[in-house]
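Peer 1: dropping the sequence and predicted coords here.
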Amino acid sequence: MGFLTPALLGGATLIALPIILHLVMRRQPRQLVFPALQFVRQRREANQRRLNLRHWLLLALRCALIAGLAVALARPTLKGSGLRGKEGSQLAVALVLDNSLRMQYVRRNRTRLEQAAEMAQGLVSQLPEGTEVAVLDRSRSAGGFAIDLGMAESRLRNLVAESSPQPLENAVHEAIQLVSECEDCRQEVFLFSDLSAASLTDSALQSLNEALTEAPEVRVYLVDVGVDKPRNRALAPLQLSSNTLRPGESLHIDAALQVTGFTEAPLVELYLLDDSEIPIKRGQQIVELTPEGTGLATFELANLALGIHQGFVRLAASDPLAMDNTRYFTVEVRPPAKVLLLGEQASDALFLREALQPSLLRDQASTRFQCEVAQFAKAGNLALDDFDAVCLLDPPPLSEKLWQALTAYADNGGGVGIFLGHRARPSGFNEGAAAQLLPGTLKLRSRYATYFRPRGLSHPALAGLRDYAEEIPWQVYPVLQYWEFGDLAGDAYVIARFANNQPALLERPVGRGRVLTLATTVSDPLEPVGREPWNLLPTGPEPWPFVALCNQLVGYLAQSETEQLDFFAGETVQLHLASRQHVSSFVLHPPEGAPTRRTLAPGDEAIRISTTRRLGNYRVSSGGHSQRLERGFSINASPELSALERVDPDTLVAALPPERVHVARTLGDVERYVDIGRRGRELFSWAILLVTLIWGSEHLLANRFYRGAA
């Protein structure tokens, strides 16, 4: 036990006053003339003993009254509460506020972040001058001690929600390390949080436990500003059929819901932005909920014009947490990719052209590819740069000039596909400009029957086959002949193999372009004249795998594969530039605020944007009135920020070092814990209550004593 004002204990010496008064004011016995009766004498002696006992009891109460009053005024405190710190030292205080978007949950017209900031300001206002104060949050900016208390309060007033928060334990780690460096100070950390289970995971608690073990002088106060029974309607990230469409393709949107605390079916609305960025409603749907509170809204958008289309799906009704009521999306409708099919004869392109641009749809604009067929002999008169991809179908040895033109085309960003067949010869492919495109030297023509068997579909050229990879019966479409390769070039690699482990599909990068080589042809009819077919890929029963494979390969060559256009806040956006698209600068149009101009380094093949913390739809443009570049992307909040499940406070205290962590719900709780931690548990109220009881007892006893003595 200790005392806040030990000097006042000197008042206990006043005990001498009642002792002196007791001795001075003792009543002297009176002599009475009375018959000498034995009974009266005994009665007198008994009364005298009882009177002496009352005198001593009254003296003890008066002494205890004075001593108790002195002790109470000295404000005794109970030490040994387990809270550590250097008594009487300067304070080093770190305030950590969870400012994630989840803290925008509204209760009683105040967000959780506003309540946390107000409580933190109230705490700062009561700190003594000279206190070292740091204000930290879940933004990634480095924190440190504020210059003074006023600066700390200013930062608390200007605190905003963070859409891309760092892990909460990182901010607490920084706070613990910061205050622990003040070795001669009392070290305290205050965490203002809704105690979300998504932030305070088991691994996070284990990490904090280790940090506190390394800093034994630090005390932690968990200030709970959460809601015990939260209510919310949340939209999950949208599922789009594709981020890139071709003319005539429809956009399918799935919007999943998770509802907590509401029973009525929510209304979900779809909006599309027009050219003036004005939202136009394109659909709505009332979603029936399952007993678990889940639901699904589906929308279909058809007849989208060429260009960028942006919009959002939102919940019509409001709820306490608005940040997850809207989800943004961006799609691009691109013109068909122009593909040049080169063959010895026009018939060589029959199967590939039908796979890419079916004759039934050839007069329509709703295809991914527009194919043009030409013969090798006339290829020198064509402008290759007008095409997104060039496919060589069963090529014979070509002129050096044509190989050089194809190399220059690939180096400038074009895609070249080489489908080897019976016309190839090692002597015409293993030397000169041809060797710069092929992945390796042609070794021999193998007649060992096998079939196409890709074991991994992670490469973008085959990634589109992953959804039905197990359903493709490649063995039904045997490969009867193929080319084996000798030494591969140092920059070439195998994408897929045949069932006998021989390379089937290879890639070799050339400049900014892509070169794919298939070791077998796609041109052979079922019964070619005078020879055996090389494979049955295009001529087998229901050859839909051939159609899917060709669309994937040529789409990869034309760089028209699906590109990610939807990102979470804080992620780095990467927008690939089309081949032969030279951009030195661009303008970024955020959802709100003024556009900003950015520059690209020479040779950059993609636009990279890291300032993506504001939710909404973004636009990227370049080229002035010519609009050489018009792109877009969307930024949404991570679904983790919608998780409102809480950690039980008792679980938190049990998981962290004992007697060094406390949970508070109000500012009064915080002040009480702080008082205990800094001064010990005060016993003034108990001491003054004891003094009052002694005083009352002395008063009653004195009245009875003197009344009886009168």
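Peer 2: Everything's here; your move. Here the structure is a predicted model, which means the values were calculated and not measured.

Peer 1: what's the local residue count around A198?
Peer 2: Using other C-beta atoms under 10 Å, A198 has 19 other residues around it. (C-beta placed from N, C-alpha, C; glycine too.)

Peer 1: residues near the nearest residue to it once chain neighbours are set aside, how many?
Peer 2: Closest residue to A198 apart from its sequence neighbours, by C-beta to C-beta, 6 or more residues apart in numbering: A643 at 4.1 Å. For A643, the neighbour count with other C-beta under 10 Å is 17.

Peer 1: ok, now which ones touch A643?
Peer 2: A643 sits next to 102, 196-198 when contact means C-beta atoms under 8 Å, 6 or more residues apart in numbering.

Peer 1: any idea how far it lies from L553?
Peer 2: From A643 across to L553, the span is 42 Å (C-beta to C-beta, to the nearest Å).

Peer 1: and if you look at Q370?
Peer 2: Using C-beta to C-beta, Q370 is found at 17 Å from L553.

Peer 1: walk me through the domains of this structure.
Peer 2: If you go by automatic domain parsing, the domain ranges for the chain are 2-27+50-79+684-709, 91-230+648-679, 247-334, 337-557, 566-636.

Peer 1: quick one: those domains as a markdown table, columns for distance to L240 and mean pLDDT too.
Peer 2: Shown next, in a markdown table, are the domains of the chain (distance: least, C-beta to C-beta, whole Å; pLDDT from 0 to 100):
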| stretch | distance to L240 | mean pLDDT |
| --- | --- | --- |
| domain 2-27+50-79+684-709 | 64 | 69 |
| domain 91-230+648-679 | 21 | 88 |
| domain 247-334 | 6 | 93 |
| domain 337-557 | 15 | 91 |
| domain 566-636 | 7 | 86 |
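
Peer 1: distance to Q239 added to those domains, as JSON lines?
Peer 2: Converted to JSON lines, the domains of the chain look like this (distance: least, C-beta to C-beta, whole Å):
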{"stretch": "domain 2-27+50-79+684-709", "distance to Q239": "60"}
{"stretch": "domain 91-230+648-679", "distance to Q239": "21"}
{"stretch": "domain 247-334", "distance to Q239": "4"}
{"stretch": "domain 337-557", "distance to Q239": "13"}
{"stretch": "domain 566-636", "distance to Q239": "10"}
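
Peer 1: and of the ones you listed, who's closest to A236?
Peer 2: When the domains of the chain are compared by C-beta to C-beta, domain 247-334 sits nearest A236, at 4.0 Å.

Peer 1: the closest one: end-to-end distance?
Peer 2: In domain 247-334, first residue to last residue: 7 Å (C-alpha to C-alpha, to the nearest Å).

Peer 1: from the chain's centre, how far out does that domain sit?
Peer 2: 22 Å (C-alpha atoms, centre = their mean, to the nearest Å).

Peer 1: more neighbours, Q370 and L553?
Peer 2: Comparing Q370 with L553 by other C-beta under 10 Å, the one with more neighbours is L553, at 26 against 16.

Peer 1: distance from the chain centre to the one helix or strand the more buried one maps to, please.
Peer 2: Here L553, judged by DSSP states H and E, is contained in helix 544-557. From the chain centre to the centre of helix 544-557 is a distance of 36 Å (C-alpha atoms, centre = their mean).

Peer 1: count of residues packed around R282?
Peer 2: R282 is flanked by 13 other residues according to other C-beta under 10 Å.

Peer 1: ditto for R368
Peer 2: Residues lying near R368 (other C-beta under 10 Å) number 22.

Peer 1: next one, pLDDT for the nearest residue to it once chain neighbours are set aside please.
Peer 2: In this structure, R368 finds its nearest non-sequential neighbour in R246, 4.8 Å apart by C-beta to C-beta, 6+ apart. Model confidence at R246, given as pLDDT, is 80.

Peer 1: residues in contact with R246?
Peer 2: So R246 contacts 333-336, 366-368 (C-beta under 8 Å, 6+ apart).

Peer 1: cool, and A379?
Peer 2: 342, 402, 405.

Peer 1: ok and the helix or strand hosting the first one relative to helix 544-557, angle-wise?
Peer 2: Put plainly, it is L342. Element membership for L342, per DSSP H and E: strand 337-343. Here the directions of strand 337-343 and helix 544-557 differ by 110 degrees (axes from the mean of the first three to the mean of the last three C-alpha atoms, to 10 degrees).

Peer 1: quick one: contacts of the helix or strand just after strand 337-343?
Peer 2: Using DSSP H and E, the helix or strand that directly follows strand 337-343 along the chain is helix 350-356. With C-beta under 8 Å, 6+ apart as the test, helix 350-356 has contacts from 339, 341, 367-369, 371, 373, 391, 393, 419, 522-523, 538-539, 546-547, 550-551, 554.

Peer 1: now the residues you listed: which count as buried?
Peer 2: The neighbour-count criterion (16 or more other C-beta atoms under 10 Å) marks 339, 341, 367-369, 371, 373, 391, 393, 419, 522-523, 538, 546-547, 550-551, 554 among the contacts of helix 350-356 as buried.

Peer 1: so where do the helices sit in the chain?
Peer 2: Using DSSP state H, the helices of the chain run over residues 16-24, 38-73, 112-125, 149-157, 168-180, 202-214, 350-356, 400-411, 426-429, 544-557, 649-655, 667-679, 684-709.

Peer 1: can you list these in JSON lines and add distance to L518?
Peer 2: Converted to JSON lines, the helices of the chain look like this (distance: least, C-beta to C-beta, whole Å):
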{"stretch": "helix 16-24", "distance to L518": "112"}
{"stretch": "helix 38-73", "distance to L518": "95"}
{"stretch": "helix 112-125", "distance to L518": "58"}
{"stretch": "helix 149-157", "distance to L518": "62"}
{"stretch": "helix 168-180", "distance to L518": "49"}
{"stretch": "helix 202-214", "distance to L518": "47"}
{"stretch": "helix 350-356", "distance to L518": "11"}
{"stretch": "helix 400-411", "distance to L518": "16"}
{"stretch": "helix 426-429", "distance to L518": "14"}
{"stretch": "helix 544-557", "distance to L518": "8"}
{"stretch": "helix 649-655", "distance to L518": "58"}
{"stretch": "helix 667-679", "distance to L518": "70"}
{"stretch": "helix 684-709", "distance to L518": "89"}
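
Peer 1: out of the ones you listed, which is closest to N636?
Peer 2: If you check each of those against N636 by C-beta to C-beta, helix 112-125 wins as the nearest, at 20.0 Å.

Peer 1: quick check: buried residues in that closest one?
Peer 2: Residues 112-113, 115-121, 123-124 are the ones in helix 112-125 that count as buried (16+ other C-beta under 10 Å).
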